[in-house]
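Novice: coords below, sequence missing:
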């Protein structure tokens, strides 16, 4: 059995958002949305600003609706730009170089590319073309932890080598503006962003960053249709669907998921000092907080990321992780939990140890 010193560790993180951001009220004004119900969804979302790349302006000053092809090109261009920025920041934070990357895992759920972001970023950044790579596509907001488990597994079998995961989510490339409440709920929530995390198993006890002790997954088959990406024949685009009950479904299963993570470790919920939870939305955060008996302080970074960026899909939890890191309040001997939620419906968790 490996000692904690030999386990993969998170050694750094980097984030990126687009250069343009908007308040919720500014977005409503940009699209001249007057429906009181839709405005209420936007203005009561606990979101203040989001980074977005909006559709082009027409000569009359309105926003032109993009085709599915244009949205895919937006996905590629903005994803590549943000992904590069997040990777470069992550490497600066860890004191590493592009030449140190031995494994690159790219995660996205807001578009489909072949070749994927891993190949595109290797070419764009000049990473060694023999770099091991993996693309995780379409798993949704929980995908960051699914992929981190795979990355940790790779690092464990390649001690001393640097593995990098980057979540690339230009969510504005997945928007449909058709005036329906279904699309309005989605459009009020998601923001654009990318986040990269460095993982290494070195055997060095003094290497900074927490060890990834274990992962757990819980899928809720009865709610498999609650979050999904569908083809919408009307506008001829893919569109995301969120069941109004999904916050309560996730919350009701959060305790079961946590019990699975901690089972056999001898740890209790009260032993967890740090919580990094996906910024899925106000109702989701509140439901998880109530069902796990957490305080708003416990979820301060999750709440702050939702406020400042919206739901960043698979990379949200890494934005919260970056805020926890910047606090510099973790101490040896503490434990933390990473938690994400997404389609399936599913809950992913990871246990950290400092």
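Specialist: All right, it came through fine. None of these values were measured; they are calculated from a predicted model.
Novice: ok, now which ones touch the nearest residue to residue 138 once chain neighbours are set aside?
Specialist: Nearest residue to residue 138, sequence neighbours excluded (CB to CB, 6 or more residues apart in numbering): residue 109, at 5.6 Å. To be clear about C-beta, it is placed using only N, CA and C from the backbone, and glycine gets the same treatment. Residue 109 is in contact with 137-141, 143, 169, 229, 313-314, counting by CB atoms under 8 Å, 6 or more residues apart in numbering.
Novice: quick one: low-confidence ranges for the stretch 251-354 of the chain?
Specialist: In the prediction, the stretch 251-354 of the chain carries no residues with pLDDT under 70.
Novice: which residues in it form strands?
Specialist: Assigned by DSSP state E, counting those that start in this stretch, the stretch 251-354 of the chain shows strands spanning 272-277, 335-342, 346-353.
Novice: and residue 325, how many residues sit next to it?
Specialist: When neighbours are counted by other CB atoms under 10 Å, residue 325 registers 19.
Novice: Next up, the contacts around it.
Specialist: Here residue 325 is in contact with residue 13 (CB under 8 Å, 6+ apart).
Novice: What of residue 31?
Specialist: Counting by CB under 8 Å, 6+ apart, residue 31 touches 63, 177.
Novice: In terms of pLDDT, where does it sit?
Specialist: On the pLDDT scale, residue 31 is placed at 89.
Novice: distance of it from residue 72?
Specialist: Distance, residue 31 to residue 72, using CB to CB, to the nearest Å: 21 Å.
Novice: what do you get for residue 283?
Specialist: The gap separating residue 283 from residue 72 is 30 Å, by CB to CB.
Novice: quick one, strands of the stretch 51-200 of the chain?
Specialist: Here the stretch 51-200 of the chain has its strands, by DSSP E, counting those that start in this stretch, at 101-108, 132-137, 162-169, 193-200.
Novice: Output the contacting helices and strands for the first one.
Specialist: When contacts are defined as 3 or more CB pairs under 8 Å, 6 or more residues apart in numbering; DSSP states H and E, strand 101-108 packs onto helix 68-94, helix 117-125, strand 132-137, helix 143-157, strand 162-169.
Novice: Could you rerun that using 6 Å?
Specialist: helix 117-125, strand 132-137, helix 143-157, strand 162-169 (3 or more CB pairs under 6 Å, 6 or more residues apart in numbering; DSSP states H and E).
Novice: Out of the ones you listed, flag the one nearest residue 9.
Specialist: helix 143-157 (8.5 Å; CB to CB).
Novice: by how many degrees do the closest one and strand 193-200 diverge?
Specialist: 20 degrees (axes from the mean of the first three to the mean of the last three CA atoms, to 10 degrees).
Novice: hmm, who's touching helix 143-157?
Specialist: If you take CB atoms under 6 Å, 6 or more residues apart in numbering as the criterion, helix 143-157 is touched by 8, 103, 105, 107, 136, 139, 163, 165, 167, 199-201, 212, 215, 314, 317, 340, 348, 350.
Novice: hang on, the earlier thing: mind checking the backbone torsions on the residue nearest to residue 138?
Specialist: Per-residue torsions, residue 109: phi -140, psi 10 (degrees, to the nearest 10).
Novice: Please tell me how far it sits from residue 101.
Specialist: 23 Å.
Novice: again, but for residue 265
Specialist: Counting by CB to CB, the gap from residue 265 to residue 101 is 32 Å.
Novice: Name the residue in those two with the higher neighbour count.
Specialist: Neighbours per residue, other CB under 10 Å: of residue 265 and residue 101, the larger number sits with residue 101, 24 against 13.
Novice: any idea of the pLDDT on that one?
Specialist: Residue 101 is assigned 98 on the pLDDT scale.
Novice: Please tell me I have it right and it contacts residue 164.
Specialist: Yes - contact criterion CB atoms under 6 Å: residue 101 and residue 164 qualify, at 5.3 Å.
Novice: returning to that earlier point: okay if I get the strands of the stretch 251-354 of the chain as JSON lines plus distance to residue 322 and mean neighbour count?
Specialist: Output for the strands of the stretch 251-354 of the chain, formatted as JSON lines (distance: least, CB to CB, whole Å; neighbours: other CB atoms under 10 Å):
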{"stretch": "strand 272-277", "distance to residue 322": "10", "mean neighbour count": "22"}
{"stretch": "strand 335-342", "distance to residue 322": "13", "mean neighbour count": "25"}
{"stretch": "strand 346-353", "distance to residue 322": "14", "mean neighbour count": "24"}
